[in-house]
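In: build me a structure from this.
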Amino acid sequence: MNLQSHVSERLWAAIEKSYEAGNYKSAVLDGMDVIREVLREKSGLDGDGQQLVGQALGGEAPRIRLNSLQTESEKNFQRGVENILRGMYQAIRNTRSHERATDGRQDADAILLFINYLMSVLLASSEAFTIESFLARVRDADFVNSERYAELLTAEIPPLRYGDAMIALYENRRALSLSKREYLIAKLLSLLTEPQLTAYLAKVSLDFRSVTEDAAIRTALQLIQPEHWLRLEESARLRVENKLIGSIREGSAQVDRKVTSGALGTWAGSFLRHFNNKVLISATLTTKLRSPDAASRSYVAQYFMHRLPEIDEGDPHRDRSINAIVAAVRTEDEVVREELVDDIVGFPPAWQDRLAEKLKDLTDPEKPAVELHDGSPFLTATESAKNLFDDDIPF
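Out: Numbering: from 1, shown residues only. Model (predicted):
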């Protein structure tokens, strides 16, 4: 019998060298390796042997479904193939792996033909998880934006498919409301293995080489963590940094946080501390705080005030930032003043101390707007409370 004409190209490619050399035991083992590969591919699992078979084909909700599992006959077929594969590992693979067994051509042909049959059954099966079904769950109008729902949804994804799922989210990001899926994004990113994360960030880097639309950049930023920034390809990263800083430079906002220009730049906030040129960013923000244009000052105060210490490159850059804040407060810019009162308790002690000293004359110890890290008063409380703004960044 010409075995090659009776088995699939994939199986023959795996066994050809051993089989043609007359090493039939090795050919059988090579064939079992192909079974393992198919089980892993179809299930998304990373295992071997009977454990892999059980995880892939067993249970009430198997990762590999050989049929619809609606009738008793269908369920019996599923269980039967599971048991056969368990037996194949126990009786065929393991005995040849651990003992000095030999196979003749006739036995090898019979075993390999049966392996070929089992492969065809597995390859014709449907996966419990597919990228299409995952995206359908994500697009669901009744999607729940909660930590628990994100845990349940990601639990349905085979670990080997985490990277595929993350890339699918990225590629479909323009059609999704990402702000309503923040828990899912964070959970899936946390599950990526190092190789999966590396592959995903390579995809982002490739896009960053040429991306031009603000919406494409904004949505990409929503799908990575700040700590990932320095892992992006440097030339792509610097290119997008330049676009973000340019947007910040043009930024303006009304008192109610409505951005009239520079909307893209507002998404850079949590990434700024990882940018290559923090001196340029600090200078850009400081210049806008000193601008005679109130909308420019409001833009910095409302979106970047709390970020200024994060890009602190030491004196004299720190002094320039602090002096710009003080100057804006002294011009009675209420937006800058109120944002400073809200944010200063999160500033490092050195920043708090310098600002307190420079604005000491505007502080009534009996009626402080806020108390600093050491309990000292800061500025004077005003009767006009700060407006409650919508926290959503406009785009």
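
In: okay, now the domains of the chain?
Out: Under the assignment automatic domain parsing, the domains of the chain span 3-127, 129-232, 246-395.

In: among those domains, which comes closest to residue 239?
Out: Nearest to residue 239, of all these, is domain 129-232, at 6.3 Å by Cβ to Cβ. No exception for glycine: its C-beta is placed from N, CA and C like everyone else's.

In: now the end-to-end length of the closest one.
Out: Distance across domain 129-232, first residue to last, is 29 Å (Cα to Cα, to the nearest Å).

In: in which helix or strand does residue 200 reside?
Out: For residue 200, the host element (DSSP states H and E) is helix 194-208.

In: can you point out the buried residues in that helix?
Out: The neighbour-count check on helix 194-208 (16 or more other Cβ atoms under 10 Å) flags 196, 197, 200, 201, 204, 205, 208 as buried.

In: strands of the chain, start to end?
Out: Listed in chain order, the strands of the chain (DSSP state E) span 64-65, 126-127, 252-253, 259-261, 368-371, 377-380.

In: counting by contacts, list what the third one packs against.
Out: Counting contacts by 3 or more Cβ pairs under 8 Å, 6 or more residues apart in numbering; DSSP states H and E, the secondary-structure elements packed against strand 252-253 are strand 259-261, helix 294-304.

In: now the fourth one
Out: The criterion is 3+ Cβ pairs under 8 Å, 6+ apart, and the helices and strands that strand 259-261 contacts are strand 252-253.

In: what residue ranges in the chain are flagged as low confidence?
Out: Where the chain drops to pLDDT under 70, the residues are 127-128, 384-395.

In: send the alpha carbons of stretch 91-103 over as CSV?
Out: This file holds the C-alpha atoms of stretch 91-103, laid out as CSV (Å, rounded to 0.1, in the frame of the first residue of the first chain):
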residue,chain,number,x,y,z
ALA,A,91,-1.3,2.5,24.5
ILE,A,92,0.4,3.9,21.4
ARG,A,93,2.4,7.0,22.3
ASN,A,94,3.5,6.3,25.8
THR,A,95,4.6,2.7,25.2
ARG,A,96,6.8,3.8,22.3
SER,A,97,8.2,6.8,24.2
HIS,A,98,9.3,4.9,27.3
GLU,A,99,10.1,1.4,26.0
ARG,A,100,12.3,-0.1,23.4
ALA,A,101,9.4,-1.1,21.2
THR,A,102,9.7,-1.7,17.5
ASP,A,103,7.0,-1.4,14.8
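
In: buried residues, it. List them.
Out: Within stretch 91-103, the residues that qualify as buried by neighbour count (16+ other Cβ under 10 Å) are 92, 93, 96, 103.

In: hmm, who's touching the helix holding residue 200?
Out: 162-163, 166-167, 170, 189, 192, 216-217, 220, 223-224, 228, 231-233, 236-237, 239-240 (Cβ atoms under 8 Å, 6 or more residues apart in numbering).

In: over to stretch 217-229?
Out: Residues from elsewhere that reach stretch 217-229, judged by Cβ under 8 Å, 6+ apart: 166, 169-170, 173-174, 178-179, 182, 185-186, 189, 197, 201, 204, 207-208, 211, 232, 237, 240, 243-244, 263-264, 267-268, 270-271, 273-275, 395.

In: what about that stretch, how long is it end to end?
Out: 13 Å.

In: now do stretch 210-229
Out: Terminal residues of stretch 210-229 lie 17 Å apart, using Cα to Cα.

In: pull out the buried residues from it.
Out: Neighbour-count burial for stretch 210-229 [16+ other Cβ under 10 Å]: 211, 214, 217, 218, 219, 220, 221, 222, 223, 224, 228, 229.

In: and residue 230, what does it touch?
Out: Residue 230 touches 237, 274, counting by Cβ under 8 Å, 6+ apart.

In: revised request: answer the last question for residue 165.
Out: Contacts for residue 165 (Cβ under 8 Å, 6+ apart) come out as 131, 134, 154, 157, 188.

In: now those residues in CSV, with distance to residue 44?
Out: As requested, the contacts of residue 165 are exported to CSV (distance: Cβ to Cβ, whole Å):
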residue, distance to residue 44
131, 11
134, 11
154, 12
157, 7
188, 14
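
In: biggest separation within the residues you listed, which pair?
Out: 131 and 154 (13.8 Å).

In: can you give me the helices in the stretch 101-250 of the chain?
Out: All helices of the stretch 101-250 of the chain, identified by DSSP state H, counting those that start in this stretch, fall at 105-123, 131-139, 147-155, 162-171, 182-191, 194-208, 214-221, 234-250.

In: put the alpha carbons of the fourth one into PDB.
Out: As requested, C-alpha coordinates have been extracted for helix 162-171 and formatted as PDB (Å, rounded to 0.1, in the frame of the first residue of the first chain):
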ATOM      1  CA  TYR A 162      -5.300  35.800  24.600                       C
ATOM      2  CA  GLY A 163      -3.000  37.500  22.100                       C
ATOM      3  CA  ASP A 164      -5.300  36.800  19.200                       C
ATOM      4  CA  ALA A 165      -8.200  38.300  21.200                       C
ATOM      5  CA  MET A 166      -6.300  41.400  22.100                       C
ATOM      6  CA  ILE A 167      -5.200  42.000  18.500                       C
ATOM      7  CA  ALA A 168      -8.800  41.500  17.400                       C
ATOM      8  CA  LEU A 169      -9.900  44.200  19.900                       C
ATOM      9  CA  TYR A 170      -7.200  46.500  18.600                       C
ATOM     10  CA  GLU A 171      -8.200  45.900  14.900                       C
END
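
In: list the buried ones in that helix?
Out: Along helix 162-171, these residues count as buried under the neighbour rule (16+ other Cβ under 10 Å): 162, 163, 164, 165, 166, 167, 168, 169, 170.
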